[in-house]
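Chemist: Got a predicted model here, sequence first, then my questions.
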Amino acid sequence: MAKKTLGVAMIGCGSIATHRHAPEAAAHPQVKLLTLCDPVLARAKALADTFGGTPCADWRAAVAQPAVDAVVVACPNYLHAPVTIAALQAGKHVLCEKPMATSAAEATAMMAAAKASGKTLMIAHNQRLAPLHIRAKQLLKSGILGRIVTFRTSFAHPGPEGWSVEGVGGWFFQKEKAFVGAMGDLGVHKADLVRWLLDDEVVEVAAFVEAIAGKRQSDVDDNAICLLRMASGAVGSLTAGWSHNPGCDNSTVVYGEKGILRIDTDPVYTVIVELADGERQLIKTKAMQTNDEGGQTDSGIMATFVESVNTGKCPIPGEEGAKSLAVILACLESAETKRFVSVGSVLAGV
C-alpha cells in the first residue's frame, strides 16, 4: 500500500527554511508543501515560487488548514511553543526547530499537547543524524575507548548575521524573540549531541555565558564556556560562540581509558581513533552540513520526521528536546548565580 503524502505547512521562511527544510521537503517523495508562511510575505512568496505551495502571512490560519497534515516550525524561538501547541491541538504532526522552547514551562506544555493529540512532535536536533556522529557513536558503543573519562565539544562560527535572512539586528540578537544567543543557536546542539553520543545525561553544570565579543548591538550572549558533569561521572566542556572568525569549529573529542576519539577535527578524516596500544583508525564519512552554499540540504531531518510519522516511533521527541533545553537553562542559571546548578532541578519543572 502506498504511503500517504503529507501536506506540510512551513511556518517561518527565513534561512533555515530556505536552505534546509524547504529543499528537503520538496525532495521527499512523500511530502507536498502546501503553505509557506512568514509575516514578511515576500519571503513566503519567494519560497513558494521555488518549491510550490501557497504563501501566507498568518500562521494561525496556516496551521488550521484541513489539508495540512504536518507543520514545520522554523520561526523565531519565542514562537516555537505557541505555534507547536496550536498545530498539535489542530491535529497536526510537528517538526520544531531547536531550541524547542524558551522555558521549562513551555516545553512541558508542548509535550502535553503532543500527548493529548496523539501526534508526532519531533525536535530538529540534526547533529544526531550526521554520518560522522553516527559512525562515532557506533565506535563508542563498541567499547573501543573503554570507560569514558572526559570530553570537549564546540560549536562556533562568526555569527548568524552573515547567514540569517534579517542580518544584523535581526531576531537572533533580540532577547525577547531569541531568548538566548549563541547558547540557543549552537550550544543546545552540542548539549543534545553529548547526551546522545555518550548515552549519558548531564546532571550538573557550571558556566560562563557572556556577551563579550562586542562587535554587534545585541542583548543576548555571544560566547559561552560550560563545564558538564554526566551521570556516569564523566566530565567535559561545551563551548558555543559567535566570534570564531574565520570559519567554523564543530568538533567533539572524547577521551576514554583506552584511547581518544576525534570528530570533525581533521579536514580529510571526519572520525579519528587513537588507541593507547598504538592502533589508529582514520575514517572518512560525509562531512557535517554547514551554512556554506550547498551545505545545508540533506541533513536527514525531513526523512526522519516522515519516518516518525509513518511508524509512530520518533527518535528525537519532545522529551529529548526538553532534556537538552534543560542543560542550556541550567547553564544560564549557573552563569547568573555563579554557582554549580543541578540539571535535575531544571527538569523538575519539565
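Modeler: Done, it's in. Residues are numbered from 1 along each chain as shown.
Chemist: Which helix runs longest in the protein?
Modeler: Using DSSP state H to define each element, the chain has its longest helix at helix 318-337.
Chemist: and the closest residue to residue 283 other than its chain neighbours, bridged to which residues?
Modeler: Excluding the flanking residues, the one nearest residue 283 by Cβ to Cβ, 6 or more residues apart in numbering is residue 271, at 4.1 Å. The way it works is simple: take the backbone N, C-alpha and C, and place the C-beta from them, glycine included. Beta-bridge pairing of residue 271 under DSSP bridges involves residue 263, residue 283.
Chemist: Over to the one 4 residues further on?
Modeler: Partner residues in beta bridges with residue 275, using DSSP bridges, are residue 259.
Chemist: so who does the closest residue to residue 41 other than its chain neighbours touch?
Modeler: Leaving aside its sequence neighbours, residue 41 sits nearest to residue 57 (Cβ to Cβ, 6+ apart; 4.9 Å). Contact analysis of residue 57 by Cβ atoms under 8 Å, 6 or more residues apart in numbering lists 37-41, 44.
Chemist: let's see it at 10 Å
Modeler: Going by Cβ atoms under 10 Å, 6 or more residues apart in numbering, residue 57 touches 37-44.
Chemist: Following element in sequence after the longest helix of the chain, please.
Modeler: strand 341-342 (DSSP states H and E).
Chemist: Centre of the chain to the helix or strand that comes right after that following strand, how far?
Modeler: The C-terminal neighbour of strand 341-342 among helices and strands, as given by DSSP H and E, is helix 343-347. Relative to its parent chain, helix 343-347 has a centroid offset of 20 Å by Cα atoms, centre = their mean, to the nearest Å.
Chemist: Same check on stretch 301-318?
Modeler: 15 Å.
Chemist: just stretch 212-230 next, same as before
Modeler: With Cα atoms, centre = their mean, you get 17 Å for stretch 212-230.
Chemist: Equivalent analysis for stretch 171-184, please.
Modeler: Taking mean C-alpha positions (Cα atoms, centre = their mean), stretch 171-184 and its chain are 14 Å apart.
Chemist: What are the buried residues along that stretch?
Modeler: Buried residues in stretch 171-184, counted by 16 or more other Cβ atoms under 10 Å: 171-174, 177-184.
Chemist: now stretch 131-140
Modeler: Buried, per 16+ other Cβ under 10 Å, within stretch 131-140: 132-133, 135-137, 139-140.
Chemist: cool, stretch 270-287 as well?
Modeler: Buried, per 16+ other Cβ under 10 Å, within stretch 270-287: 270-273, 275, 285.
Chemist: lowest average confidence, helix or strand, in the protein?
Modeler: Averaged element by element with mean pLDDT, DSSP states H and E, the chain has its least confident helix or strand at helix 343-347 (a mean of 90).
Chemist: looking just at contacts, which helices and strands does it meet?
Modeler: If you count contacts as 3 or more Cβ pairs under 10 Å, 6 or more residues apart in numbering; DSSP states H and E, helix 343-347 packs onto helix 104-117, strand 202-210, helix 318-337.
Chemist: out of the ones you listed, deepest packed?
Modeler: Mean neighbour count (mean count of other Cβ atoms under 10 Å) peaks for helix 318-337 among these, with a mean of 23.
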